[in-house]
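# Quick one, what's the 3D model for this:
(one chain, ligands or ions: 1)
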Amino acid sequence: MTVPQTLPPNPDAAIEIRDLVKEYAGEGDAAPKLALKGVSFDVPEGAVFGLLGPNGAGKSTLINIMAGLVNKTGGTVRVWGHDIDRDHRNAKLNIGIVPQEIVFDPFFTPFEVLENQGGFYGVAKALRRSEELLRAVRLWDKRDAYARTLSGGMKRRLLIAKAMVHSPPILVLDEPTAGVDVELRRQLWDLVNELNAEGVTVVLTTHYLEEAEALCERIAIINHGELIANEPTRELVGMMGEKIVAVTVDQDVTDLPADPRFHKCEAVGERQIEITFDKGEMTAGQVLAKVQQQGFTIEDVTTREADLEDVFVQLTEAADARSGQTVT
Ligand SMILES: Nc1ncnc2c1ncn2[C@@H]1O[C@H](COP(=O)(O)OP(=O)(O)OP(=O)(O)O)[C@@H](O)[C@H]1O
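Residues are numbered from 1 along each chain as shown. This is a model prediction of the structure:
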């Protein structure tokens, strides 16, 4: 698949977001809802960028603002260097959005869906890429089938092709693999990687932290409308420098072992304890010695490095504690 190789005016940022605020008016007597509270970050050109956050954090609001579907209350957004207010048309031409919901007219075929979208974007017939795109998303053999007869996975792939009809250098995918099986998830990951290898900057939201860890080189985390992290994935995961030891003991756990160096110690089953500690402060051997000293007989042990899920939980819990909020 070919994409234009022109660079944005700020060659480092495909998308620039500054002090972005969104307040939804409350319906009836409801209070207004501040969904984005002054968010600023850049999406680097050429990246696969993950936007994560708990339900209701503001991810879709942010994407919908970039897509021109929701009006912001304050701040600026530049898409490929084009301000979404002052240069709305060029901002729109440089971004392709794959929405969470699958929406097609069921009576159009995949080929017609792409041709219609090309027409919508004013792509001249001779420049349309419907065949190339259908081949890229492995739907060329379904080009004449009604969209309603496609499987869920095929529909998602068609949505990706549809978002690429005007050859945008940026593709945004809102929860691309929500509710899809492992096999299809892998296919979609391959497709994202192929597009990125061709030069497309990809932004995706996902609830699967494993997916973000596998696909994204940089991750921003939003919590209650605030940006609480924006780091290269590897640094984010390594940031904690934590390790987790899970031990199975020979009796039900009533009192947990304790040590001031344990960051966390919790019972995760009747006879299972998970201890999180800093690799720089102690070794797994010292953790086990502590557990034994406190009267536990260890039957089994596994250790693992902290992963994105652990980091995510820690960061969002810490942010909630600071602001006195609870996760909804
Ligand atoms: N049209 C609207 N009117 C009022 N409030 C809204 C509207 N759309 C979203 N919200 C609220 O704004 C907040 C952010 O919602 P948003 O859909 O952006 O979150 P999200 O991070 O995408 O969540 P999810 O992961 O569940 O899709 C939520 O509290 C939501 O209830």
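
# could you pull out the strands for the stretch 101-250 of the chain?
All strands of the stretch 101-250 of the chain, identified by DSSP state E, counting those that start in this stretch, fall at 170-174, 201-205, 218-223, 226-232, 242-249.

# would you turn those into JSON lines with distance to K125 and mean pLDDT?
C-beta here means a position set from N, CA and C on the backbone, and glycine is covered the same way. JSON lines is the format used below for the strands of the stretch 101-250 of the chain (distance: least, Cβ to Cβ, whole Å; pLDDT from 0 to 100):
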{"stretch": "strand 170-174", "distance to K125": "23", "mean pLDDT": "94"}
{"stretch": "strand 201-205", "distance to K125": "28", "mean pLDDT": "94"}
{"stretch": "strand 218-223", "distance to K125": "38", "mean pLDDT": "93"}
{"stretch": "strand 226-232", "distance to K125": "42", "mean pLDDT": "92"}
{"stretch": "strand 242-249", "distance to K125": "57", "mean pLDDT": "92"}
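
# which stretches of the stretch 201-328 of the chain have low pLDDT?
The stretch 201-328 of the chain contains residues with pLDDT under 70 at 240, 325-328.

# those helices in it, which residues are they?
Shown for the stretch 201-328 of the chain, the helices assigned by DSSP state H, counting those that start in this stretch span residues 209-215, 233-239, 284-293, 308-323.

# winner for burial among these?
Per residue and on average, the most neighbours among those fall to helix 209-215, with a mean of 19 (mean count of other Cβ atoms under 10 Å).

# and it, anywhere near the ligand?
No: against the ligand, helix 209-215 shows no contacts by Cβ under 6 Å from any ligand atom, the least distance being 13.0 Å.

# Please shift the residue numbers so they start at 195 in all later answers.
Understood, numbering begins at 195; the last thing we discussed is helix 403-409.

# for E325, what are its contacts?
The contact partners of E325, taken as Cβ atoms under 8 Å, 6 or more residues apart in numbering, are W334, R337.

# Bridged to the residue minimising distance to the centre of the chain, which residues?
Central residue of the chain (Cα atoms, centre = their mean): T399, 2.7 Å from the mean position. On the basis of DSSP bridges, T399 is bridged to L245, D368.

# so how far is the ligand from the residue lying farthest from the centre of the chain?
Largest separation from the mean C-alpha position in the chain: G489, at 43.7 Å (Cα atoms, centre = their mean). G489 is 44 Å from the ligand, where distance means Cβ to the nearest ligand atom, to the nearest Å.

# Could you do V507 as well?
Applying Cβ to the nearest ligand atom to V507 and the ligand gives a distance of 16 Å.

# One more: D504?
Note on D504: its distance to the ligand, by Cβ to the nearest ligand atom, is 20 Å.
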